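K.L.:
Model the structure of this input:
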Amino acid sequence: MLALTHPRAAYLRIAESLDLRLCVRLDKMRRSGMFQGITHIFDAGANEGAYGSACARILPFAEIICFEPVPATYKTLVANTKRYSQIKPVNLALGSSRTELPMNVGNFHVSNSLLKMNTKHLENWPGSAPSDIVMVPVVPLDEFIEKEGIKGNYFLKADVQGYEIELLKGASQSLARCNLLQLEVSLVPLYEGAPTFAEVWNYVTSVGFSLLDVVDLLHSPKGGTPVSCDLIFVRA
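P.N.:
Prediction:
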């Protein structure tokens with residue numbers, strides 16, 4: 001049905017293997033004016049570039065900066081996004097301070113995290129178990145924006161596996177220029193030391209955002225209970 005009602009998104013799915021539902025969502029947000037005034041998109045935890053690639057086609061007016069700290073995954077990100085001139089891959093993680101931290105990595109790249117997985121995560125997705133530790137550079141988003149001389153307003157999408165609040169702390173000076181914010185949040189504990197849903201909610205709303213939408217609800221393969229989702233916030 002999505003393909004029939006959104007032919008452009010369906011074409012991108014076929015021609016460039018882009019996520020159909022994501023393209024439709026971004027296009028609906030664009031047409032409703034949610035991206036008005038946004039000049040940059042920051043994709044934290046960009047992985048292999050699926051989200052950034054969809055943004056490049058649906059939101060061609062924005063410069064897209066994709067942050068991926070794991071070297072092997074970063075190489076794939078570069079290869080997957082080289083066709084899009086407005087995408088800039090960056091081999092960094094975002095956090096609250098400039099440092100270097102151990103990243104737990106495995107074959108299932110989307111679960112790579114600066115935090116350790118707990119037993120709940122491993123029981124549900126044993127194939128995501130980390131097999132190595134890689135040291136990765138971490139910088140605050142505020143520092144990156146200042147160094148690069150980035151002006152204008154931005155949309156921040158973060159898929160950082162429990163490191164959401166640390167990332168936002170590192171963007172405290174520039175959050176006033178963040179019009180839209182998308183965070184993947186856990187509904188049950190999945191990583192050791194990760195903030196709870198309530199802690200993420202309270203932090204985000206305390207710095208001036210209100211909820212716009214809930215998307216990409218993920219259910220446990222054991223029992224079917226919801227375990228995570230993405231929250232989209234707009235500056236209040």
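K.L.:
pLDDT weak spots in this protein?
P.N.:
1-16 (pLDDT under 70).
K.L.:
Give me the nearest residue to residue 199, chain neighbours excluded.
P.N.:
Excluding the flanking residues, the one nearest residue 199 by CB to CB, 6 or more residues apart in numbering is residue 165, at 6.9 Å. For every residue, glycine as well, the C-beta is placed using N, CA and C.
K.L.:
oh, I was asking about residue 140
P.N.:
Closest residue to residue 140 apart from its sequence neighbours, by CB to CB, 6+ apart: residue 170 at 3.1 Å.
K.L.:
re earlier: so the residue nearest to residue 199 sits against residue 197, correct?
P.N.:
No: between residue 165 and residue 197 there is no contact under CB atoms under 8 Å: 11.8 Å.
K.L.:
for residue 122, helix, strand, or coil?
P.N.:
Following DSSP: H, G, I helix; E, B strand; the rest coil, residue 122 is assigned to helix.
K.L.:
so it sits right up against residue 130, yeah?
P.N.:
No: taking CB under 8 Å as the definition, residue 122 is not a contact partner of residue 130, at 9.6 Å.
K.L.:
Comparing the two, which shows the higher neighbour count?
P.N.:
Neighbours per residue (other CB atoms under 10 Å) separate residue 122 from residue 130, with residue 130 holding more: 18 against 15.
K.L.:
How many residues are close by the closest residue to the more buried one other than its chain neighbours?
P.N.:
Closest residue to residue 130 apart from its sequence neighbours, by CB to CB, 6+ apart: residue 104 at 3.9 Å. Using other CB under 10 Å, residue 104 has 19 neighbouring residues.
K.L.:
Could you verify that residue 104 is part of a strand?
P.N.:
Yes: assessed with three-state DSSP, residue 104 lies in a strand.
K.L.:
list the contacts for it?
P.N.:
Neighbouring residues of residue 104 by CB atoms under 8 Å, 6 or more residues apart in numbering: 112-117, 130, 133.
K.L.:
ranges for the strands of this protein?
P.N.:
In the chain, strands defined by DSSP state E lie at 38-44, 63-67, 87-90, 93-94, 99-105, 132-139, 153-158, 178-186, 209-219, 226-235, listed in chain order.
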